[in-house]
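Engineer: Structure, please.
(chains A and B)
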Amino acid sequence: MAQFTLPKNSKVQKGNHFPAENQGENMKNFKLYRWSPDDEDNPRYDDFEINLDECGPMVLDAIIHVKDKVDSTLTFRRSCREGICGSCAMNIDGRNTLACLKPINEVKGDVKITPLPHLPVVKDLVPDLSVPYAQLASIQPWMKTETEAPTRERLQSPEDAEKLNGSDGKGPAGCILCFCCSTSCPSYWWNGDKFLGPAILLNAWRWIIDSRDEATGERLDELEDPFKLYRCHTIMNCTNSCPKDLNPAKAIAEVKKLMVQKQG
Amino acid sequence: MTEETNKIVIKAKRPLSPHLQVYDLPMTAKMSISHRITGVILTGGLVLLSIWVIAAGLGENAYNTMMSLIDTPITRFVFLAWAFVLFYHMGNGFRHMFWDLGIGITEKAAVKTGTLVIIFAVAMTALIWWLTCDCTTDTANIIVLDGGVHETE
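Structural biologist: Modelled structure (predicted):
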């Protein structure tokens, strides 16, 4: 049964306030979720006042600024700072997105940042993604073939390649596994241990429609389960939150359609 | 798979990151939860509707007693609200059907069709209100009693 409230140890309390060193005309308050495994305290929101003239335009710039200049214990994942690696996925101003792609000026008022929703927190903005990764492994995201390996690459027509890449580059192969979508999905919040979630189903779809893959039937059989696929109720938070503008909801609908065709 | 992942996930000390508490639900999500809630309300309303129909089936006296009980401004409002719920659920149901066919399942289309469903529900409720506001009891009496007569014959 779904629990809509946070457990006792997860309730977020008021934290510390860090005023900006240099006041200016462009001040912005950042409310950052903090939790450390080193003490017994509940999570808290720390307020960091930032002079925007002293940092870059993106939310990631602001939290790097905090780590460099204000509180070096602030913990978060980041790498490429350009929306390719998917590391800095977090909940910003109520929606999941990549901190590196989210302009600060898109947020009205305080910028509230929490880790990706409904996951165990490792520290501060770093959630434990073990379950989604294990689920990714469970769909065997690699090419499976029966036929003998050719002496060169397995070829694919431009049309077949487009099914993966999309004519606009927004096909399922564009997924960077940031898990913004899965952790925005209420179905995944309530049934994340059994429902695979949009990110994994999008990747399942990516292999199902790959013309070079020869395990389509096997892959569909694997998803035929009351929870793995069918906990999707087309809430569409996934498509709404995808920072790469992909459409997991559509991919899941296509998988469901194939299931019907397969039975028919 | 699940046994394996359970081992990883159970770490009692770790807090759960906020979900409903912080998430700014998009319009599509709000319509999705409303679809569920309206479904539950419809089920409840169906019981009341059945009682009403049964009363009609029991004869004129039972029906008149029933009508005197339920024909108040408040119950009229409840019926009207229920009609809205019905049309909302119906319109949204069609939306879901098209989605299952892979049609209109993009962010933009979902917002458009969602708005359409709300307009449809409001318009149909207004229509029902307009059809019933002046002569609620008369029209209802004629329809239900007439149906009853044919059945008994």
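
Engineer: Find the closest residue to chain A in chain B.
Structural biologist: Using C-beta to the nearest C-beta, the closest approach of chain B to chain A is made by B:D24 at 2.8 Å. For glycine as for every other residue, the C-beta is placed from the backbone atoms N, C-alpha and C.

Engineer: Could you check which helix or strand contains that residue?
Structural biologist: When secondary structure is defined using DSSP states H and E, no element contains B:D24, which sits outside every helix and strand.

Engineer: For the closest residue to it other than its chain neighbours, list the residues it contacts.
Structural biologist: Distances taken as C-beta to C-beta, 6 or more residues apart in numbering or on different chains put A:G94 closest to B:D24, at 2.8 Å, once the chain neighbours are dropped. For A:G94, the contacting residues are A:112, B:22-24, taking C-beta atoms under 8 Å, 6 or more residues apart in numbering or on different chains as the criterion.

Engineer: looking at it, the residue of chain B closest to chain A is touching A:R95, isn't it?
Structural biologist: Yes. Assessed by C-beta atoms under 8 Å, B:D24 is found in contact with A:R95 at 5.6 Å.

Engineer: Those two - which one has more neighbours?
Structural biologist: For B:D24 versus A:R95, the count of surrounding residues by other C-beta atoms under 10 Å in any protein chain shown is larger for A:R95: 18 against 13.

Engineer: That one touches B:V22, doesn't it?
Structural biologist: No. Taking C-beta under 8 Å as the definition, A:R95 is not a contact partner of B:V22, at 9.5 Å.

Engineer: for whichever residue of the stretch 51-200 of chain A sits closest to chain B, phi and psi?
Structural biologist: When scored by C-beta to the nearest C-beta, the stretch 51-200 of chain A has A:G94 as its residue closest to chain B, at 2.8 Å. When read as degrees, to the nearest 10, the backbone of A:G94 gives phi 90, psi -10.

Engineer: likewise A:K28?
Structural biologist: phi -140, psi 140.

Engineer: How about A:F48?
Structural biologist: When quoted as degrees, to the nearest 10, the phi and psi of A:F48 stand at phi -120, psi 120.

Engineer: That one and A:E21 touch, don't they?
Structural biologist: No. Here A:F48 does not reach A:E21: they are 11.1 Å apart, not a contact under C-beta under 8 Å.

Engineer: returning to that earlier point: mark which of the contacts of A:G94 are buried, thanks.
Structural biologist: Among the contacts of A:G94, those that count as buried by neighbour count (16 or more other C-beta atoms under 10 Å in any protein chain shown) are A:112, B:22-23.

Engineer: Which of those sits closest to B:W99?
Structural biologist: Ranked by distance to B:W99 (C-beta to C-beta), the buried ones among the contacts of A:G94 are led by B:Y23 at 21.5 Å.

Engineer: wait, doesn't that closest one sit right on A:P117?
Structural biologist: Yes. With the criterion set as C-beta under 8 Å, B:Y23 and A:P117 qualify as a contacting pair; they are 6.0 Å apart.

Engineer: got any residues that touch both of those two?
Structural biologist: A:91, A:184.

Engineer: low-scoring stretches of chain B, by residue?
Structural biologist: B:1-12, B:134-153 (pLDDT under 70).

Engineer: Which stretches in it count as strands?
Structural biologist: Read by DSSP state E, chain B holds no strands at all.

Engineer: So for the longest helix seen in it, what gets flagged as buried?
Structural biologist: Across chain B, the helix with the greatest residue count (assigned by DSSP state H) is helix B:27-57. Across helix B:27-57, burial judged by 16+ other C-beta under 10 Å covers B:28-29, B:31-32, B:34-35, B:38, B:41-42, B:45, B:52, B:55-56.

Engineer: what about the strands in the stretch 51-200 of chain A?
Structural biologist: Counting by DSSP state E, counting those that start in this stretch, the segments of the stretch 51-200 of chain A that form strands are A:89-92, A:95-98, A:111-114, A:121-123, A:126-127.

Engineer: Deepest-packed of these, please.
Structural biologist: Across the strands of the stretch 51-200 of chain A, the average number of neighbours (mean count of other C-beta atoms under 10 Å in any protein chain shown) peaks for strand A:89-92, which reaches a mean of 28.

Engineer: Give me the sheet partners of that one and which way each runs.
Structural biologist: Using DSSP bridges, the strands paired with strand A:89-92 are strand A:95-98 (antiparallel), strand A:111-114 (antiparallel).

Engineer: Any chance you could list what contacts the last one?
Structural biologist: Here strand A:111-114 makes contact (C-beta under 8 Å, 6+ apart) with A:12, A:28-33, A:45, A:59, A:62-63, A:90-94, A:99, A:104, A:125, B:17-18, B:22.

Engineer: can we see that at 7 Å?
Structural biologist: When contacts are defined by C-beta atoms under 7 Å, 6 or more residues apart in numbering or on different chains, strand A:111-114 is touched by residues A:28, A:30-33, A:59, A:90-93, A:104, A:125, B:17-18, B:22.

Engineer: of all those residues, which two lie farthest apart?
Structural biologist: Using C-beta to C-beta, the pair of these lying farthest apart is A:K28 and B:S17, separated by 23.0 Å.

Engineer: between those two, who's got more neighbours?
Structural biologist: Between A:K28 and B:S17, counted using other C-beta under 10 Å, the more crowded position is B:S17 (28 against 18).

Engineer: So the more buried one is in contact with A:V122, correct?
Structural biologist: No. No contact is recorded between B:S17 and A:V122 when judged using C-beta atoms under 7 Å, the distance being 10.1 Å.
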